[in-house]
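Visitor: Quick one, what's the 3D model for this:
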Amino acid sequence: MSTKREIHGVVVRRSGDKTASVLVTRNVLHPRYHKTVKRFKKYLIHDEKNELNVGDSVVAIECRPISKTKSFRLKKIVATGVK
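Guide: Okay, the predicted model is just below:
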């Protein structure tokens, strides 16, 4: 059995029913300047119970494709955002 990829990010948008948009930040070393720079990517994740709010820190796990752009589902909520 292969291991599933996990992403850690922050919810930036509620994108329709049972879907949230999560911003994932990673730090990489610039090839020429040897300085750490931030890289960002947004993922759509499946939230079955509609329990996510904007600002929540979450962990999502890779799953079968649920739609054209959605291939991650919510694993757990690490911290809740400000209401």
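Visitor: contacts and neighbour counts: CA atoms only from here.
Guide: OK.
Visitor: What segments of this structure are strands?
Guide: Here the chain has its strands, by DSSP state E, at 6-14, 19-29, 36-46, 57-62, 70-79.
Visitor: Dump those to CSV, plus mean pLDDT and mean neighbour count.
Guide: Below are the strands of the chain laid out as CSV (pLDDT from 0 to 100; neighbours: other CA atoms under 10 Å):
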stretch, mean pLDDT, mean neighbour count
strand 6-14, 96, 19
strand 19-29, 97, 17
strand 36-46, 97, 15
strand 57-62, 97, 20
strand 70-79, 96, 17
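Visitor: For residue 73, list the residues it contacts.
Guide: 45, 46, 47, 60, 61, 62, 63 (CA atoms under 8 Å, 6 or more residues apart in numbering).
Visitor: partner residues bridging the residue nearest the centre of the chain?
Guide: By CA atoms, centre = their mean, the chain has its centre lying nearest to residue 22, at 3.8 Å. For residue 22, the beta-bridge partners under DSSP bridges are residue 11, residue 43.
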